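> sharing a model prediction with you, sequence too.
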Amino acid sequence: MAENLLDFSNKTVLVTGGSSGIGRAVSLGFARQGAQVVIGDMNEAGSKETVEMIKKENGQAHFVKTDVGNSQSVKALIEETVRVYGGLDCAFNNAGILHAPQPIADFDEAAFDRVLHIDLKGTFLCLKYELQYMVKKGKGAIVNTASVAGLLPEGGMAAYVAAKHGVIGLTKTAAIENANHGIRVNALAPGWVRTPMTKAWDEDKQFNAKIKAAAPLHRGAEPEEMVGAVLYLCSDAASYTTGQTFPIDGAQTIRGLLPYEG
Ligand SMILES: NC(=O)c1ccc[n+]([C@@H]2O[C@H](COP(=O)([O-])OP(=O)(O)OC[C@H]3O[C@@H](n4cnc5c(N)ncnc54)[C@H](O)[C@@H]3O)[C@@H](O)[C@H]2O)c1
């Protein structure tokens, strides 16, 4: 085993959803440990900014415009990653979207389909094409971004909860299918993280107070607080860990999510 277990020198890491929030923080984290980072994202401006941030620190990064909900787009992302950096060692399947809170009885079907398509099928497509490559190589490590909403129900969030429970199911299935191929697959389950996705909630004083009360650490996380877990799970330090979900949530899942008042 390497002396520095978190050394990603000469490793190529793919991060989806790297244009902002958790994906940007994790992209920077991997680059700081020597990785060549490929960002697959719909958001061109944000992703280019992340690439610039990495290059400013003398790191290596490349952007590929990608829609994780589109099979051809994800296939092309993996092909370009291998073409540009010569391989694919680790992947952080993190791109995702949220929906407005609404009870199931009144749930907008198009919003339900959209969230399942990006958050669940998008993760499936990334896994599919990453695994096709990694199985041939006989090695790899993958982390999927689930959520505390993948572990517990949250009133008003049916599509997101269903998608993120699905991401955890996909993670476990991919782990057992690929254990004999030298590939590990785990999931990250963040609690409330202050990113563009949660900006409106962050600015809603009442909601903000409730969410802080729900987490025994009494605050939301900064995106940077997700980095250590993802790097650890992708590293040799986690060589005996697969099929698991790691809540990084200020102990929110110990206490339970927010009470539903709808
Ligand atoms: N912020 C939180 O509190 C929180 C909590 C739990 C889980 N998560 C999950 O973390 C992940 C990252 O979210 P974030 O909070 O950093 O939000 P964010 O909005 O900053 O990041 C989401 C990223 O996904 C990208 N994206 C969206 N649709 C895409 C598509 N079709 N193809 C490619 N890229 C696409 C966006 O451009 C963006 O870069 C998501 O999967 C989210 O569900 C976030």
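Received it, and whenever you're ready, just let me know what you need.

> alpha carbons only for contacts and neighbour counts from here, please
Will do.

> looking at the longest helix along the chain now, give me its mean pLDDT.
Ordering each helix of the chain by length in residues (DSSP state H) puts helix 158-178 first. The pLDDT scores in helix 158-178 average 98.

> who are the packing partners of it?
Helices and strands touching helix 158-178, as assessed by 3 or more CA pairs under 8 Å, 6 or more residues apart in numbering; DSSP states H and E, comprise helix 109-115, helix 122-137, strand 140-145, strand 183-190.

> report the distance from that helix to the chain centre.
12 Å (CA atoms, centre = their mean, to the nearest Å).

> please report phi then psi for W192.
phi -80, psi 120 (degrees, to the nearest 10).

> quick check: residues of the stretch 51-200 of the chain near the ligand?
66-69, 94-97, 118, 145-147, 190-198 (CA under 6 Å from any ligand atom).

> try 8 Å this time
65-70, 93-98, 118-119, 122, 145-149, 160, 164, 189-198 (CA under 8 Å from any ligand atom).

> so which of these are in helices?
Filtering these for helices - DSSP H - leaves 122, 160, 164.

> how near is A175 to F112?
27 Å (CA to CA, to the nearest Å).

> before we move on, the earlier item: ChimeraX command to pick out the buried ones of the residues of the stretch 51-200 of the chain next to the ligand?
Per 16 or more other CA atoms under 10 Å, the buried members of those correspond to this ChimeraX selection:
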select :65,66,67,68,69,93,94,95,96,98,118,119,122,145,146,147,148,149,160,164,189,190,191,192,193,194,195,197
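
> one step back: and the helices and strands packed on helix 158-178 as a markdown table, adding mean pLDDT and distance to A215?
Below are those laid out as a markdown table (pLDDT from 0 to 100; distance: least, CA to CA, whole Å):
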| stretch | mean pLDDT | distance to A215 |
| --- | --- | --- |
| helix 109-115 | 98 | 25 |
| helix 122-137 | 98 | 27 |
| strand 140-145 | 99 | 19 |
| strand 183-190 | 98 | 12 |
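
> quick one: the ones you listed as a markdown table, columns for distance to R219 too.
Formatted as a markdown table, these follow (distance: least, CA to CA, whole Å):
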| stretch | distance to R219 |
| --- | --- |
| helix 109-115 | 26 |
| helix 122-137 | 28 |
| strand 140-145 | 20 |
| strand 183-190 | 13 |
